[in-house]
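Chemist: Structure for the following, please:
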Amino acid sequence: MLAELIATPGVVEDALLRGPAGVMALHGGLEEGTAEIARDAAVAAAASRYGVTLPDDLAWHVPSIRFDPAQSPQLRRFLDHVQVVVSVHGFGRKGFDDVVLVGGRNRRLAADLARSLRAHTPLDVVADLERMPKPLRGTHPRNPVNLPAHGGAQLELSPGARRPAHAHGVVRAVAAVLRAEQRSLCARRA
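Modeler: Numbers count the residues shown, from 1 in each chain. Below is the predicted model of the structure:
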């Protein structure tokens, strides 16, 4: 399924390998603002980045667990390169307006992101997996956010959290955590 998506005319898949911490946006173009937030956070933190961006006229949502690295050499290289990752997604559900859900299997990283988001934004940050809708928790073992050596955290941003008024704070929060992760990972190697 992923191979078909990235072979579709107008779909852009790109990866930039930098530091050992990375950020992903799997549904750019489809989940408005996510590709831009991931890109800006990667630039601010000198972190690695992977993304797939769909053209405006394509509404094909490939679930994260279908992003099989065996179907994408760029995704495989990215996941082999990074040791920890933040995956940026968008969602819309009634009752979740200016909300960020912080899922993923690396709960220490999720807690760090939640603290940083609270410090940089006025958004309602939910890091308790039990308070999140199950499909938005990002804990499935095949989800690419959980595949690097130290796993990762998944941000699900409501439409309000992706508005320009809040997106800048989200970028700052994610970049701060990515920079800290990179320092920690580099120190462990030394």
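Chemist: nearest residue to residue 31 other than its sequence neighbours?
Modeler: On the basis of Cβ to Cβ, 6 or more residues apart in numbering, the spatially nearest residue to residue 31 that is not a chain neighbour turns out to be residue 90, at 3.2 Å. Quick note: C-beta positions are derived from backbone N, CA and C, even for glycine.
Chemist: what's the helix or strand for residue 57?
Modeler: Here residue 57, judged by DSSP states H and E, is contained in no helix and no strand.
Chemist: Spit out the contact partners of the residue nearest to residue 31.
Modeler: Contacts for residue 90 were tallied using Cβ atoms under 8 Å, 6 or more residues apart in numbering; they are 27, 31-34, 156-159, 162.
Chemist: Likewise for residue 161?
Modeler: Contacts for residue 161 (Cβ under 8 Å, 6+ apart) come out as 98-100, 121, 123, 167, 170.
Chemist: can you do 6 Å?
Modeler: Residue 161 is in contact with 98, 100, 123, counting by Cβ atoms under 6 Å, 6 or more residues apart in numbering.
Chemist: same check, this time on residue 84
Modeler: With contact set as Cβ under 6 Å, 6+ apart, residue 84 has these partners: 21, 148, 150, 152, 181.
Chemist: Please enumerate the strands of this structure.
Modeler: Residue ranges of the strands in the chain, as given by DSSP state E, are 12-16, 21-28, 48-53, 84-90, 99-103, 124-126, 152-157.
Chemist: Let me have the ones you listed in CSV, adding distance to residue 185 and mean pLDDT as columns.
Modeler: Formatted as CSV, the entries for these read as follows, by distance: least, Cβ to Cβ, whole Å; pLDDT from 0 to 100:
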stretch, distance to residue 185, mean pLDDT
strand 12-16, 17, 97
strand 21-28, 6, 98
strand 48-53, 11, 98
strand 84-90, 7, 98
strand 99-103, 20, 97
strand 124-126, 24, 97
strand 152-157, 13, 98
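Chemist: Make a PyMOL selection of the buried ones in the contacts of residue 90.
Modeler: Typed into PyMOL, the line below selects the buried ones among the contacts of residue 90, using 16 or more other Cβ atoms under 10 Å:
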select buried, resi 27+31+33+34+156+157+158+159+162
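Chemist: which helices and strands sit right next to the single longest helix found in the chain?
Modeler: Counting residues, the longest helix found in the chain (DSSP state H) is helix 164-189. Packed against helix 164-189 by the contact rule (3 or more Cβ pairs under 6 Å, 6 or more residues apart in numbering; DSSP states H and E) you find strand 21-28, helix 34-45, helix 107-120.
Chemist: Name the stretch among those that sits most buried.
Modeler: strand 21-28 (a mean of 28; mean count of other Cβ atoms under 10 Å).
Chemist: partner strands of that one, parallel or antiparallel?
Modeler: Sheet neighbours of strand 21-28, with direction, are listed as strand 48-53 (parallel), strand 84-90 (parallel) (DSSP bridges).
Chemist: Buried deepest among these, which one?
Modeler: Neighbour counts averaged per stretch over the strands paired with strand 21-28 are highest for strand 84-90, at a mean of 27; criterion: mean count of other Cβ under 10 Å.
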